[in-house]
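[1] return atomic coordinates for the entry below.
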Amino acid sequence: MDYRFYCMTLRMNIDCNGCYRRIRRALLQMQELESYQIDKKHGRVSVCGAFSPQDVAIKIRKRTNRRVEILEVREASPAGEGEGAGHMP
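    Numbers count the residues shown, from 1 in each chain. Presented below is the predicted three-dimensional model:
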């Protein structure tokens, strides 16, 4: 399947370090993600990669057993193409 490169921001409850580790472990297992960033203080998770946004949100919800709310989805260019925007460290 031909997926486009997206950067997506999700809202999740990250109450403790155990929740943080569970979310991080789920993100590391997903091959379609190129980068991710977890903001524990604000309860936000940002992911970038070539994927279907709905599919990734469902996978994260199933693997973490936590509610996932999609806040923003924007199409970006992969690192190395164009201006290099969309790749988060």
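
[2] when you work out contacts or count neighbours from here on, use the C-alpha atoms and nothing else.
    OK.

[3] can you show me the strands along the protein?
    Remark: strands assigned in the chain by DSSP state E are 5-11, 33-39, 44-50, 69-75.

[4] in its sheet, what does the first one sit against?
    If I follow you right, that is strand 5-11. strand 44-50 (antiparallel), strand 69-75 (antiparallel) (DSSP bridges).

[5] need these in JSON lines (columns: distance to residue 19, mean neighbour count and mean pLDDT).
    Listed next are the strands paired with strand 5-11 as JSON lines, based on distance: least, Cα to Cα, whole Å; neighbours: other Cα atoms under 10 Å; pLDDT from 0 to 100:
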{"stretch": "strand 44-50", "distance to residue 19": "12", "mean neighbour count": "22", "mean pLDDT": "95"}
{"stretch": "strand 69-75", "distance to residue 19": "16", "mean neighbour count": "14", "mean pLDDT": "94"}
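
[6] picking up where we left off before, the strands of the chain into JSON lines, with extra columns for distance to residue 60?
    Shown next, in JSON lines, are the strands of the chain (distance: least, Cα to Cα, whole Å):
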{"stretch": "strand 5-11", "distance to residue 60": "10"}
{"stretch": "strand 33-39", "distance to residue 60": "12"}
{"stretch": "strand 44-50", "distance to residue 60": "11"}
{"stretch": "strand 69-75", "distance to residue 60": "11"}
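
[7] low-confidence stretches in this protein?
    Applying pLDDT under 70 to the chain flags residues 1-2, 79-89.

[8] and with 80 instead?
    1-3, 77-89 (pLDDT under 80).

[9] so residue 36 sits against residue 46, correct?
    Yes - in this structure, residue 36 is within contact of residue 46 by Cα atoms under 8 Å, at 5.5 Å.

[10] ok, back up a step: which of the strands of the chain sits closest to residue 17?
    Smallest distance to residue 17 across those (Cα to Cα): 11.8 Å, for strand 33-39.

[11] what helices or strands is the closest one leaning on?
    helix 17-28, strand 44-50 (3 or more Cα pairs under 8 Å, 6 or more residues apart in numbering; DSSP states H and E).

[12] cool, thanks, talk later.
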